[in-house]
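[1] Show me the folded form of this:
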Amino acid sequence: MPNSPGKLSLPFGDLPPVQTDLARYADRVPLSASPARSDNPRLWLCLYFPQLPLELSASRVETPRAILADKKKPVVLLCSNSAARCGVRPGMPANAALALVPDLEIRAREPALERDALRKLATWAMHFTPMVSLDPVERQSHALPSPLAPPEPAGALLLEIAASLRLFGGADALRAAAISGTRERGHAVMTAIAPTARSALWLARSGSEARVMEPARLPGMLARLPIGIPDWPPAVLQTLRYMGIRRIGECMRLPRDGLARRIGESALAEIDEALGRRPELRQSCRQTSRFCDELDLHAETQESAPLIAALRVLLSRLKDHLRSRQVGAQIVWVHLRHRAAPATLLRIGLLKPSADAGYLEELAAIHLSAFRIPAPVIAMMLEADVAEAPPGLGEDLLGGKPDQADRVAGLVERLRMRLGLRAVHGIRHGREHRPERAWEAVPDPVPPARSRDAGMAGRAQRPLWVLDHPAILSTRSEAPFFHGPLIIENGPERIETGWWDGCDVRRDYYVARNSGGTRVWIFRDRRTGGWHLHGLFG
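    Residues are numbered from 1 along each chain as shown. This is a model prediction of the structure:
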């Protein structure tokens, strides 16, 4: 590498040729007495997002844009391709960049937005592996881009994928799926696979797209990296450059004690962690049970088509969240934000937890088509309460799903979207022996099977159609008559209750049938001796 003090070395730029003497001495590492472990069971995939600060400020029109590293001393950290074609470069003062491009759109870096974007990407990445760690966006002792210190690295995700290789068809197939997914979400990504998390992070920052499966290859791979890759403090980088050190391999060849006195133990500890000679503690991401995400629309609109398109994006993120936690959404709220009016709230309630984004989109489309939006929408927010999803059932030999209750629940939810929540309800048995009071309306028309069994336990045969008020039957020779004489088939079932509320009953119920085959449910009032019709069987 040229030693010119005015040349800037970016951590993701083109690397200069590797010196031949470095390759010859790369394996002579007096940094630790113990050799690198060869039985390391872990394997890490790093997803590094070098353009993340710039991607979060993307505008609809391709205008020259630049991201500043700091508000107090504005220096360009990243710039768009259109700005780079005009001569804007990282490390350039903002005034010089504006002199080259007067219409340059300049924004300060927002670490909070970057961390939020990383957390959303981590939620999506958890369907590859439950062990996903974030590389922090904010670090200690950062310097502005200068010839002595490279720009602060953007965020990265570290995925422990050793247990997921067989599921996704190997390391290459898993990495290809991760790259495809991040690009679909609008992010440029650099990747690397290595046996340790820190080595994967360093290799991904270098842009080498390395794939290191054996720990024995790590010393040779890491030795080629510039000293700006690990993001050490500027004082450490300046000391190393004064010593004529330009690459990590040169640090690995120096005596450890003398190097530690000059640059400190922390930098050497990071090298040990990258080589696998020292354990590295990384915290796994944890998700909240409630999902919440927001999306700004490109333009104000009241039309359902662009709103459905925006909702589709949010539902895809919800699907990633649900899939990573193996749960389903029970209630979904859609907030439509307006510029000068209160937000409009749409509620989508589900009978059973679901993680099907297409089904949720269908319900939301039905709701939006029947709803009048009061004002143009500028943003959309999606919230969801999650619940444990019921165990999935396999398909039968013909490819159909044997669970008929799911189809009934889907029909009920569609009817509710069109007719209203109160227009469709279920019926269940109540805690009452009087038949006219022994049922009640419930929100769930498809209760769990255990609830239905518990409600029917211990009850005699009941007709599907029960009259609100029993009808008096005529008698012929003291026998009940209903379109002909009735023949008793079953009974009696005695019901005697209600004495405490003034509506007491004393009845003997029978199942009877007339000459035409009609089966009815009748009772004889033990107080008056009269016969009454109370229900009809199908």
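[2] roughly how far apart are the most far-flung residue of the chain relative to its centre and residue 522?
    Distance to the chain centre peaks in the chain at residue 477, reaching 73.9 Å (criterion: C-alpha atoms, centre = their mean). Using C-beta to C-beta, to the nearest Å, residue 477 is found at 16 Å from residue 522. From N, CA and C alone the C-beta is placed, and that goes for glycine too.
[3] After the helix or strand harbouring residue 193, heading C-terminal, what element do we hit next?
    Following DSSP states H and E, one finds residue 193 within strand 190-194. Counting by DSSP H and E, the next helix or strand C-terminal to strand 190-194 is helix 197-206.
[4] What lies in contact with that following helix?
    11-12, 15, 44-48, 50, 133, 135, 153, 156, 158, 160, 190-194, 210, 212, 218, 221-222, 225-226, 229-230, 248, 270, 273-276, 280, 282 (C-beta atoms under 8 Å, 6 or more residues apart in numbering).
[5] Would you mark the buried spots in the host helix or strand of residue 238?
    When elements are assigned from DSSP H and E, residue 238 belongs to helix 234-242. For helix 234-242, burial by neighbour count (16 or more other C-beta atoms under 10 Å) applies to 236, 237, 239, 240, 241.
[6] Show the contacting residues for the first one.
    The contact partners of residue 236, by C-beta under 8 Å, 6+ apart, come to 263, 264, 267.
[7] which one of those sits closest to residue 426?
    Nearest to residue 426 among the contacts of residue 236, counting by C-beta to C-beta, is residue 267 at 66.4 Å.
[8] ok, then the element right after the helix or strand containing that closest one?
    Assigned by DSSP H and E, residue 267 belongs to helix 265-275. Next in sequence after helix 265-275, counting helices and strands by DSSP H and E, comes strand 290-301.
[9] Which strands or helices does that following strand pack on?
    helix 304-325, strand 377-388 (3 or more C-beta pairs under 8 Å, 6 or more residues apart in numbering; DSSP states H and E).
[10] Which of these sits closest to residue 55?
    Nearest of the helices and strands packed on strand 290-301 to residue 55, taken as C-beta to C-beta: helix 304-325 at 15.0 Å.
[11] List the strands paired with the helix or strand that that closest one is followed by, with their directions.
    Per DSSP H and E, helix 304-325 leads on to strand 327-338 as the next helix or strand towards the C-terminus. Partners of strand 327-338 in the sheet, by DSSP bridges, are strand 344-354 (antiparallel), strand 377-388 (antiparallel).
[12] Specify the angle between the longest one and helix 304-325 in degrees.
    Spelled out, it's strand 377-388. 30 degrees (axes from the mean of the first three to the mean of the last three C-alpha atoms, to 10 degrees).
[13] List the buried residues of strand 377-388.
    377, 378, 379, 380, 381, 382, 383, 384, 386, 387.
[14] Quick check: the farthest pair among these?
    Taking C-beta to C-beta, no two of the buried residues of strand 377-388 sit farther apart than 378 and 387, at 31.2 Å.
[15] gap between the two ends of stretch 478-492?
    17 Å (C-alpha to C-alpha, to the nearest Å).
[16] can you give me the offset of that stretch from its chain's centre?
    63 Å (C-alpha atoms, centre = their mean, to the nearest Å).
[17] Let me see the mean pLDDT of that stretch.
    For stretch 478-492, mean pLDDT is 86.
[18] Check stretch 280-299 too.
    For stretch 280-299, the per-residue pLDDT averages 80.
[19] Also stretch 155-175?
    92.
[20] Tell me which residues touch residue 135, please.
    Per C-beta under 8 Å, 6+ apart, neighbours of residue 135: 48, 153, 155, 156, 157, 158, 201.
[21] Next, count neighbours for the fourth one.
    If I follow you right, that is residue 156. 27 (other C-beta atoms under 10 Å).
[22] for the first one, same thing?
    A total of 27 residues lie near residue 48 under the criterion other C-beta under 10 Å.
[23] Next: the third one.
    Residue crowding around residue 155 was assessed by other C-beta under 10 Å; the count is 23.
[24] so what's it up against?
    Listed by C-beta under 8 Å, 6+ apart, the contact set of residue 155 reads 49, 52, 114, 115, 117, 118, 134, 135, 136, 137.
[25] how far away is residue 170 from residue 216?
    20 Å.
[26] Residue 371 in helix, strand or coil?
    Three-state assignment for residue 371 (DSSP: H, G, I helix; E, B strand; the rest coil): coil.
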